[in-house]
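J.: got a sequence here, can you model it:
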Amino acid sequence: MLNNFPRDTAKIIKQNSSVIDDVMALFDRELILIEDGSLPIEEGDIIERTLPSGLKEQYLVTDRGFCNAFHGFPAHYQIKFEKLSNYRKAPQGSVINNYVISDTDKVNINSTDNSVTVYNLNEQDKALFETLKTLAEQLPNGKETQEIISDMEASIGKKTFAERYNAFIQSVANHMTIFSPFIPALTQFLTK
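T.: Prediction:
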């Protein structure tokens, strides 16, 4: 069938590492034709040929394309392949860089966060809350405001901090001139 076409001698490297030598094959851009239909060619096998330069080309069998004998044509293979080479394209995809700058580094992408964040107050933070409690003592609703401040301090790093912060702001709204210098320091805890 292929006698009139230029053919190359190739070898088939099986997946179990066995080798079938001296296989006559016609190499085309899209197909490798092998006239011997009795060969055990499978997807995943590698067909290797040596070029006149001595370099080797390897082809991974992706579809063996076995054809039975039909109207005088013997059984044969019309193999679809993927050319293997040392040169590999870089896999295409996307790069996502997440930069987290925080005391509590945590990134959740398409996932549920079941972790618990523990935030430890430094000396400056402790002094801030002690000052707020001392100032709250002077208010008519001092004890209640001190409790709100303690609740707010205990909820730092938790989802409930924003609620406690709002409760504090509402309780000292009539005395904002006293507490306004401390608001910027408190708002930093909204992001922790």
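
J.: switch to C-alpha atoms for all contacts and neighbour counts from now on
T.: Will do.

J.: what about the top helix by length along the chain, average pLDDT?
T.: Assignment by DSSP state H gives helix 123-137 as the longest helix of the chain. Averaged across helix 123-137, the pLDDT comes to 90.

J.: tell me the buried residues in that helix?
T.: Buried residues in helix 123-137, defined by neighbour count with 16 or more other C-alpha atoms under 10 Å: F129, L132, K133, A136.

J.: quick one, strands of this protein?
T.: 8-13, 19-27, 32-34, 46-50, 56-63, 66-67, 76-84 (DSSP state E).

J.: any idea which of the buried residues of helix 123-137 is the one closest to T160?
T.: Comparing the buried residues of helix 123-137 against T160 with C-alpha to C-alpha places F129 closest, at 17.2 Å.

J.: could you chop this protein up by domain?
T.: Segmentation of the chain into domains, based on automatic domain parsing, reads 8-84, 123-191.

J.: and the first one, how far from the chain's centre?
T.: When you say that, I think you mean domain 8-84. Computed by C-alpha atoms, centre = their mean, to the nearest Å, the chain-centroid distance of domain 8-84 equals 37 Å.

J.: end to end, how far does that domain reach?
T.: Start-to-end span of domain 8-84 (C-alpha to C-alpha, to the nearest Å) is 18 Å.

J.: next, give phi and psi for the residue of the chain most remote from its centre.
T.: In terms of distance from the mean C-alpha position of the chain, P140 ranks first, at 56.3 Å (C-alpha atoms, centre = their mean). Reported as degrees, to the nearest 10, the phi and psi values for P140 are phi -60, psi -40.

J.: tell me the spacing between it and M152.
T.: Distance from P140 to M152, by C-alpha to C-alpha: 20 Å.

J.: and if you look at S180?
T.: From S180 to M152 the distance is 16 Å (C-alpha to C-alpha).

J.: ok, the two, which is more surrounded?
T.: Neighbours were counted for S180 and for M152 using other C-alpha atoms under 10 Å; M152 has more, 23 against 13.

J.: residues touching the more buried one, list them.
T.: M152 makes contact with F161, R164, Y165, F168, according to C-alpha atoms under 8 Å, 6 or more residues apart in numbering.

J.: and the closest residue to the last one other than its chain neighbours, what does it touch?
T.: Here the nearest residue to F168 in space, its sequence neighbours aside, is I148; by C-alpha to C-alpha, 6 or more residues apart in numbering that works out to 6.0 Å. For I148, the contacting residues are R164, A167, F168, by C-alpha under 8 Å, 6+ apart.

J.: got the residues you listed as CSV, with neighbour count columns?
T.: Putting those into CSV (neighbours: other C-alpha atoms under 10 Å) gives the following:
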residue, neighbour count
R164, 20
A167, 17
F168, 20
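
J.: one step back: pick out the shakiest of the domains of the chain, pLDDT-wise.
T.: Looking at those, the weakest mean confidence is domain 123-191, a mean of 89.
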